[in-house]
Every structure is written in C-alpha cells, then in structure tokens.
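Q: need a 3D model of the sequence below.
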Amino acid sequence: MSQLISVAELTATAQQTGSISLGSIIYIALKPIVKIYLIIAVGFFLARRNVLTIDTTRNISFMIVSVLGPALSFSKVVANIDDSFLEKFCSILISSCMIIFGQGILTFGVGLLAGCPRNWWGGLLMCGMFPNIGDIPIAYLQGMESSNVFENPELGVAYIILYGAIQNLVQFNLGAYRIVGIDFEYDKKMEKQTRDVESQRPNLETLLSSNLHSEQGSIQSFDSFGDNNNRNSDNISGAQTSIQPQVGYGATNDSNIDDSFSNSQVQRYSASSGIRVLSRKASDINSIFDNDLRELPTENMNDLVKVFSRSRRNTTVNEHRPFTSISRGSMSVPQVKETKNFKSRAGELFSIFMDTFIENSLKPASLGIVISLTIALTPWLKALFVNNGTEHFHPMPDNQPPLSVLLDFAAYLGNAQVPLGLILLGGTIGRLQVGNIPPGLWKTPVAVTVLRIFVFPFIGFAVNGKLQEKGLFHDDTILYFISSINYCLPPATALIFFTAFFTPANSKQTVQMDILALIYIAHYICLVVCLPFTTVYTMKVALGF
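A: Predicted coordinates:
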C-alpha cells in the first residue's frame with residue numbers, strides 16, 4: 001500500500017494548517033534545477049579541459065547502461081513498487097504514449113511548417129518522440145527531498161524508471177532509432193543523383209581543347225612540354241611527402257586517413273586502439289607525460305563523429321556496436337536489395353526487427369526492468385528483499401530479510417548513475433558547436449523548442465487533468481507530479497550519438513549536427529524557466545498544495 005498522501009488528504013491538511021505559500025513553492029521548484037545545472041557545469045568544464053574525453057565518455061556510458069542503470073532500477077522498483085502498481089500502470093502507459101507519439105507527431109508537423117530541411121525529417125521526429133526521461137527528472141525529484149513535500153520521493157524515482165523503460169522499449173527494442181538513418185540515406189541518394197547528372201554532361205572543355213589542338217598544334221605541343229616539366233617537379237615533391245610517416249585516428253595501420261584531421265587531433269588518445277600517437281620519438285619515455293591531453297584543443301563534435309561513426313571502421317554492420325545501450329547489429333539500417341520482391345523484403349525486414357527486439361531484450365537494461373518488476377509484483381519474492389508486511393521469512397540477525405544485502409548493494413551502486421549521467425550530459429553540451437547555418441534554418445530549432453518547452457506542458461496539464469477525473473491516478477500525488485514534469489523535458493541525449501553513428505566519418509560538421517546543437521542549446525537555456533514553472537503550476541494549481 002502506498003505511503004503517499006492523497007490529493008484529498010493533502011487538501012484537507014492544507015485547509016487545517018494553511019497551504020504552502022507561493023514563494024515557498026517557487027523556492028522548492030528552483031533549488032533542484034540549480035543543483036542540476038551545477039553538475040552539468042562540472043561536466044562541461046571537464047570536457048573543455050579534455051579530462052572527460054570522448055573515449056572516457058563512451059566507457060562511462062557503457063558502465064552506466066550495463067551496471068549502474070540496472071542496479072538503480074532494481075533498488076528503486078523492488079523497494080517501492082508493489083502489486084497495487086497494476087492499477088496505476090494504465091495512467092503511465094497513456095502518458096507515455098502521449099509523450100512519445102503525440103509529442104513526436106506535433107513536433108514533426110511544426111518543424112515542417114517552420115521549413116525543416118528534408119534531410120532532417122528523421123531527426124525532427126526523433127527529437128519530438130524521445131525526451132530525456134531519466135537523469136534530469138530523477139535528480140530534480142531527489143533535489144526536492146529536503147523540502148518534505150512528498151512523503152516518499154523514492155517511489156517517484158521508481159515511476160520515472162518505468163516511464164524510461166517504456167521509452168527504451170520503443171527506442172531500442174522496437175528499433176525506432178533507425179529513423180535517424182533515413183536522413184543520411186536521403187543525403188546519399190541526392191549525392192548519387194548529382195554525380196549521375198554531372199557524369200552525363202558533355203565535357204565542353206575537352207571538346208574545346210581538341211579544337212585548339214587541331215588549329216594550334218605547335219603551340220599546344222610547346223605548352224604541354226612546359227606542363228610536363230611542372231608535373232615532374234610536382235611528382236618529386238609529392239614523393240618526398242609520401243615517405244613521411246603517416247598517422248591516423250584509430251589503429252596505426254589504418255590507411256584511410258581523413259583530410260579533416262588536424263595535427264592537434266592526431267595527438268589525441270585513440271578511442272579504437274587505446275594507443276596515444278605522439279609526434280616525438282617513441283623512445284623518449286618522458287614525452288608520454290609531457291604530452292598531456294589537457295594541453296590539446298578541446299574535442300568537438302567532429303571528433304565524436306569519428307569515434308562513433310559506423311563508416312569509420314572497415315567492419316560489417318553486425319560487428320559494430322556504436323552506442324553502449326544497443327546490442328550488436330541493432331544500429332544497422334536494413335539493407336534490402338531492390339531486385340527482391342515485396343514478400344522477400346517484408347520477410348527480411350521482419351527478421352531484422354525480431355533480431356533487434358530479441359537482442360535488445362537480453363541486454364542488462366531490459367533484463368533489469370523485467371526482473372525488478374517480477375520481484376516487486378510477487379509478494380513472496382519481494383519479502384526476500386524488503387519487509388512488505390504480508391509475507392515473512394526468518395529474519396537475519398539485523399532483523400532484515402535474507403537477501404536485503406543485495407538490495408543494499410544495488411542501491412549503493414545505483415546512486416552513482418544520476419550524477420555521472422549529468423556529468424556526461426554536461427560534457428556532451430560542452431562539445432556542441434554550430435557550423436554555417438543556412439539562412440532561415442534557425443526557424444526549425446526555435447519552433448521545436450517553443451513547442452516542446454512552452455506549449456506541450458499545457459497539453460500535459462490537460463491530459464493529466466482528464467486522467468485525474470477518470471480516477472486513473474488513484475489520488476497518487478507523486479505520480480501526477482512525475483507525469484506533469486515529463487511533458488517539459490529536453491530531447492534525449494542519445495539522439496546526438498545516434499546522429500554521430502549515421503554520419504559519415506569523413507564529413508565535417510553536417511546540417512544534422514548543426515540543427516541538433518541549436519536545439520540542445522535552446523532547450524537547456526529555456527529549461528531553467530520552464531521546468532520550475534511546470535512544477536509550481538502542478539503543485540499549486542493541479543494538486544492544491
């Protein structure tokens with residue numbers, strides 16, 4: 001049975017003792033956001049100093065997804081969810097569908113009206129569908145613990161984890177992340193069409209030079225003699241250059257060296273081979289300590305693309321795992337030959353879908369949720385970990401259930417996820433950069449930000465009000481509160497890594513990354529105002545604090 005104060009009880013208490021003042025609620029709403037942004041600033045600073053490198057970010061992300069995230073899910077869900085949760089699951093499912101699909105469709109429509117370029121339609125849809133349900137709302141709710149507004153904030157954390165589990169089901173298990181790849185497939189298609197058109201044009205210069213050769217043969221021969229001498233000198237200088245040692249990003253034997261790489265980037269830590277390439281002699285052991293990453297230029301989005309891009313490595317799609325929370329082969333775009341008939345295509349796509357679903361379902365993040373809910377919703381299993389008041393096992397000498405040590409272990413380990421996640425978020429923001437934005441392109445990020453941060457929370461108020469009228473929240477104030485603030489969140493950070501994965505490794509800043517940079521910058525600037533406003537409105541107006 002939930003220990004939360006119901007809406008009716010809270011209203012009665014407010015009538016007797018006096019409701020919380022507006023100024024107090026504003027302070028309660030602002031204090032957690034300050035803490036969140038301070039942690040993000042730490043990550044920003046570490047990334048700008050090259051302490052939090054891209055390779056370090058990838059390793060920490062793997063640790064969060066594989067260990068810390070499942071531990072947090074296990075500790076919060078098992079300790080706070082019981083069989084009464086099934087009555088509230090309907091409201092979580094409806095709100096999740098509204099956030100994912102409703103917000104995605106509205107964002108896509110508004111983006112098209114704002115002139116979103118054709119090669120970012122997939123990113124636009126993904127930007128609307130998947131908010132950052134995870135570290136930000138958890139940190140925000142935990143920051144409100146000292147105010148004692150909610151009796152059991154940890155139950156709210158469990159609700160946020162379940163919201164995130166539904167989003168991950170759509171994003172990873174059902175393969176929605178592939179939508180980002182559509183943008184780059186369109187770019188490839190347009191580039192191919194451009195090359196075909198250029199190849200079909202008559203070579204006017206060739207025809208002109210042929211005519212001149214027939215009329216002025218002697219002059220042409222003299223000119224060609226001079227050109228040959230120039231070519232010979234160029235070949236000599238080119239041969240001298242070719243004997244210089246070549247160093248690439250990644251394995252030292254990689255012959256595909258990107259022209260966009262600068263000399264400072266060559267000296268960075270190699271994420272693929274773990275070898276630092278130094279410009280000095282390898283025999284000088286002191287040079288390893290002299291060449292500190294913190295003295296090099298800050299890693300940017302181009303470096304992130306070179307690490308995460310699937311085209312950087314000469315491997316098959318199924319051998320590359322670009323993002324830590326995705327299974328092998330789950331980040332590939334279905335490659336179906338045009339010669340196959342419709343039935344063969346449908347069968348192959350279905351096979352790819354099932355492989356993606358099964359493999360992602362066996363990942364720690366998915367298994368952690370399934371195991372946690374199974375234990376939490378089974379009274380005799382839950383009694384092995386916590387005192388649930390219904391089932392009893394012989395207690396240990398400390399009067400705790402037999403397996404309480406496992407719950408303590410998971411709770412202690414999982415508590416590290418949120419601060420680490422926010423630090424990684426700050427590091428990602430610190431690498432954002434905006435290239436040459438074409439005229440009028442700024443309208444799309446502005447329109448998307450206004451819709452998601454300022455308009456959609458009011459849609460959430462209306463939806464939650466209807467659910468409350470139908471009794472689907474069961475007077476659970478913290479569930480109502482979580483369902484409200486989830487409508488006011490920036491896009492998921494994973495979208496940056498998805499885009500980097502599909503971006504060709506030899507590309508410089510692309511229009512997809514440029515738009516994302518503007519969107520994230522605008523969202524996190526406006527979030528300082530929008531999230532506290534949503535909190536104040538929900539607590540004061542909807543819940544009657």
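
Q: for the rest of this, base every contact and every neighbour count on C-alpha atoms.
A: Noted.

Q: which parts of the stretch 51-200 of the chain are helices?
A: Taking DSSP state H, counting those that start in this stretch, the helices of the stretch 51-200 of the chain run over residues 54-63, 69-80, 89-97, 103-113, 121-129, 135-142, 153-168, 179-200.

Q: low-confidence ranges, this structure, go.
A: 1-18, 196, 198-295, 310-343, 391, 507-509 (pLDDT under 70).

Q: show me how it divides into domains.
A: The chain breaks down by automatic domain parsing into domains covering 7-190+372-542, 263-296.

Q: that older thread, make JSON lines out of the helices of the stretch 51-200 of the chain and add mean neighbour count and distance to residue 451.
A: Below are the helices of the stretch 51-200 of the chain laid out as JSON lines (neighbours: other Cα atoms under 10 Å; distance: least, Cα to Cα, whole Å):
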{"stretch": "helix 54-63", "mean neighbour count": "18", "distance to residue 451": "30"}
{"stretch": "helix 69-80", "mean neighbour count": "25", "distance to residue 451": "30"}
{"stretch": "helix 89-97", "mean neighbour count": "18", "distance to residue 451": "17"}
{"stretch": "helix 103-113", "mean neighbour count": "19", "distance to residue 451": "7"}
{"stretch": "helix 121-129", "mean neighbour count": "25", "distance to residue 451": "9"}
{"stretch": "helix 135-142", "mean neighbour count": "21", "distance to residue 451": "19"}
{"stretch": "helix 153-168", "mean neighbour count": "22", "distance to residue 451": "20"}
{"stretch": "helix 179-200", "mean neighbour count": "14", "distance to residue 451": "21"}
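
Q: any chance of those in CSV, with distance to residue 388 too?
A: Formatted as CSV, the helices of the stretch 51-200 of the chain follow (distance: least, Cα to Cα, whole Å):
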stretch, distance to residue 388
helix 54-63, 31
helix 69-80, 9
helix 89-97, 20
helix 103-113, 38
helix 121-129, 37
helix 135-142, 23
helix 153-168, 15
helix 179-200, 44
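
Q: let me know which of these is the nearest to residue 378.
A: helix 69-80 (9.9 Å; Cα to Cα).

Q: contacting residues for residue 386?
A: Contacts for residue 386 (Cα atoms under 8 Å, 6 or more residues apart in numbering) come out as 79, 400-401, 404.

Q: how far away is it from residue 349?
A: 45 Å (Cα to Cα, to the nearest Å).

Q: also residue 443?
A: For residue 443, the distance to residue 349 - Cα to Cα - is 36 Å.

Q: looking at the helices of the stretch 51-200 of the chain, which is nearest to residue 24?
A: It's helix 135-142; of the helices of the stretch 51-200 of the chain, that one is closest to residue 24 (Cα to Cα) at 16.1 Å.

Q: and that closest one with helix 153-168, angle?
A: Per axes from the mean of the first three to the mean of the last three Cα atoms, to 10 degrees, the angle that helix 135-142 makes with helix 153-168 is 170 degrees.

Q: what separates helix 135-142 from the chain centre, distance-wise?
A: Centroid separation for helix 135-142 versus its chain: 17 Å, with Cα atoms, centre = their mean, to the nearest Å.

Q: who touches it?
A: Taking Cα under 8 Å, 6+ apart as the rule, helix 135-142 contacts 32-33, 36, 153-154, 156-157, 160, 417-419, 421-422, 482, 485-486.

Q: relative to residue 358, which of the residues you listed is nearest.
A: residue 160 (24.1 Å).
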